[in-house]
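Student: Okay, here's the prediction I keep looking at, along with the sequence it came from:
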Amino acid sequence: MKNLISIKDLSIEEIEKIFSLAKQIKKKPHKFSRYLQGKSFALIFHKPSLRTRVSFETGIFQLGAKAVYLEEEIGVPVRRSLGEGWTEREAVKDIARVLSSYVEGVVIRTFSHQLLLDFAEYSTVPVINALTDLLHPCQVLSDLFTIKERKGDLKKVKIAYVGDGNNVCYSLIYGCNKTKADLNIATPLGYEPKMKIPALPAGRKNQKSPPKAGPPSAEKIRIMNNPIEAVKDADIIYTDVWTSMGKEEEKEERKKIFQNFQVNKKLVSYAKADCLIMHCLPAHRGEEITDEVIDGKNSIVFEQAENRLHLQKAILILLDIL
């Protein structure tokens, strides 16, 4: 595995290998404490982060390596209004080439997915996508690992994602397409995933003008605008914030549009009695999810967050740096 840019790029065999290693690491973390001794990783973060940063920094340290955290000081402030990988001081390809001579891997969390792709093109060391506006593969791999631990065979699991068609939603589509998990996506009209990707079926429900989609290669992935329909008989209900980073100016409008998509006790009642609740965090309590649900007995939100550490350590070990 050279880079981790998208779950789409992974084979099911690679995904299973990541899950297997994460399970071993979680069970016996000290066994891997010197696995990457003497190596260094650069962390480039243009977006705020708690779980992603701490889990990667801690994971790198626990594997015996060194994390070098870099923010705007390396000269790649993204012009967010352009939404592209433009820089003001130094070309991305120059930074990629220089860092490649210093470290064994680079973890990037940024706005523009194109910036990540440009960096990976010129980097000679592995690059990990720690989130872009388009995708969040490490999050979803960890989520699927958590579901597998709890529910077993992913092919027999029904996941309901309720909320915005954002980067987590896209990575869930790729992840469920690869693992053959059943996925219902419920968003307000106009907020469905719109990227043309092969994982999306051509037919969609309850849409006046559905966005274009690729070939119907994932019959177990459905997109709808009715959250009750989406969660019926679900094993997992997953939600995320209604307003992602970079879209704060839409917050008040989104609160009105998404109000019927709140994961609350009533909505959960339509799912299976043992349905588990997931949220990638941070949570806006009282908006996309209520306190009684996120703190309830069926919530595995904090178990889900912990598994980020184990899963990302597995990714770091499996990269082609040894």
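Tutor: Nice, thanks for sending it over. Numbering: from 1, shown residues only.

Student: Which stretches in the stretch 1-150 of the chain count as helices?
Tutor: Applying DSSP state H, counting those that start in this stretch to the stretch 1-150 of the chain gives helices spanning 12-27, 51-62, 92-100, 113-122, 137-151.

Student: for these, which one sits closest to residue 128?
Tutor: Counting by C-beta to C-beta, residue 128 lies closest to helix 137-151 out of the helices of the stretch 1-150 of the chain; the figure is 6.9 Å. Quick note: C-beta positions are derived from backbone N, CA and C, even for glycine.

Student: Mean confidence (pLDDT) on that closest one, please.
Tutor: In this model, helix 137-151 has a mean pLDDT of 98.

Student: which element follows that helix toward the C-terminus?
Tutor: Downstream of helix 137-151, the next assigned helix or strand under DSSP states H and E is strand 158-162.

Student: how distant is whatever helix or strand comes next after that following strand from the center of its chain?
Tutor: Once the chain leaves strand 158-162, the next helix or strand it forms, by DSSP H and E, is helix 167-179. Offset of helix 167-179 from its chain centre (C-alpha atoms, centre = their mean, to the nearest Å): 8 Å.

Student: Repeat that for stretch 105-120.
Tutor: Put simply, stretch 105-120 sits 14 Å off its chain's centre (C-alpha atoms, centre = their mean).

Student: Tell me the buried residues in it?
Tutor: 105-120 (16 or more other C-beta atoms under 10 Å).

Student: among the helices of the stretch 1-150 of the chain, which is the most enclosed?
Tutor: helix 137-151 (a mean of 23; mean count of other C-beta atoms under 10 Å).

Student: Show me what that helix packs onto, helices and strands only.
Tutor: Using 3 or more C-beta pairs under 8 Å, 6 or more residues apart in numbering; DSSP states H and E as the contact test, the elements touching helix 137-151 are helix 12-27, strand 127-129, helix 167-179, strand 236-239, strand 276-279, helix 301-318.

Student: List the contacts of the residue nearest to residue 192 when sequence neighbours are not counted.
Tutor: Distances taken as C-beta to C-beta, 6 or more residues apart in numbering put residue 165 closest to residue 192, at 4.9 Å, once the chain neighbours are dropped. Residues near residue 165 by C-beta atoms under 8 Å, 6 or more residues apart in numbering: 185, 187, 191-194.

Student: switch the cut-off to 6 Å
Tutor: By C-beta atoms under 6 Å, 6 or more residues apart in numbering, the contact set of residue 165 is 187, 191-193.

Student: now, the most widely separated pair of those residues?
Tutor: The most widely separated members of the contacts of residue 165 are 191 and 193, with 8.8 Å between them, by C-beta to C-beta.

Student: So between these two, which is more surrounded?
Tutor: For residue 191 versus residue 193, the count of surrounding residues by other C-beta atoms under 10 Å is larger for residue 193: 24 against 18.

Student: and that one, what is it in contact with?
Tutor: Applying C-beta under 6 Å, 6+ apart, we find residue 193 in contact with 165, 169-170.

Student: Pick out whichever of these sits closest to residue 51.
Tutor: Using C-beta to C-beta, those come closest to residue 51 at residue 169, 17.9 Å.

Student: Identify the residues contacting the closest one.
Tutor: Contact analysis of residue 169 by C-beta under 6 Å, 6+ apart lists 161, 193.

Student: ditto for residue 45
Tutor: For residue 45, the contacting residues are 71, 109, by C-beta under 6 Å, 6+ apart.

Student: Residue 296 belongs to a strand?
Tutor: No. Assigned with DSSP: H, G, I helix; E, B strand; the rest coil, residue 296 falls outside any strand and is coil.

Student: Who is residue 69 paired with across the strands?
Tutor: For residue 69, the beta-bridge partners under DSSP bridges are residue 43.

Student: For burial, what's the neighbour tally of it?
Tutor: So residue 69, with other C-beta under 10 Å, has 13 neighbours.

Student: Looking at the backbone only, give me phi and psi for residue 263.
Tutor: phi -90, psi 100 (degrees, to the nearest 10).

Student: next one: the one 4 residues further on
Tutor: Here is the backbone geometry of residue 267 (degrees, to the nearest 10): phi -60, psi -40.

Student: What's the local residue count around it?
Tutor: Neighbour count of residue 267, defined by other C-beta under 10 Å: 23.

Student: ok, it to residue 163 distance?
Tutor: 12 Å (C-beta to C-beta, to the nearest Å).

Student: Quick check: residue 42 touching residue 105?
Tutor: No. In this structure residue 42 lies outside contact range of residue 105 using C-beta atoms under 6 Å: 7.6 Å.

Student: Can you pull out the low-pLDDT segments for the stretch 201-322 of the chain?
Tutor: 201-219, 320-322 (pLDDT under 70).

Student: scratch that, the stretch 1-150 of the chain is what I was asking about
Tutor: 1, 72-88.

Student: can you put the helices and strands packed on helix 137-151 in a markdown table and add distance to residue 154?
Tutor: Below are the helices and strands packed on helix 137-151 laid out as a markdown table (distance: least, C-beta to C-beta, whole Å):
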| stretch | distance to residue 154 |
| --- | --- |
| helix 12-27 | 9 |
| strand 127-129 | 21 |
| helix 167-179 | 4 |
| strand 236-239 | 10 |
| strand 276-279 | 13 |
| helix 301-318 | 15 |
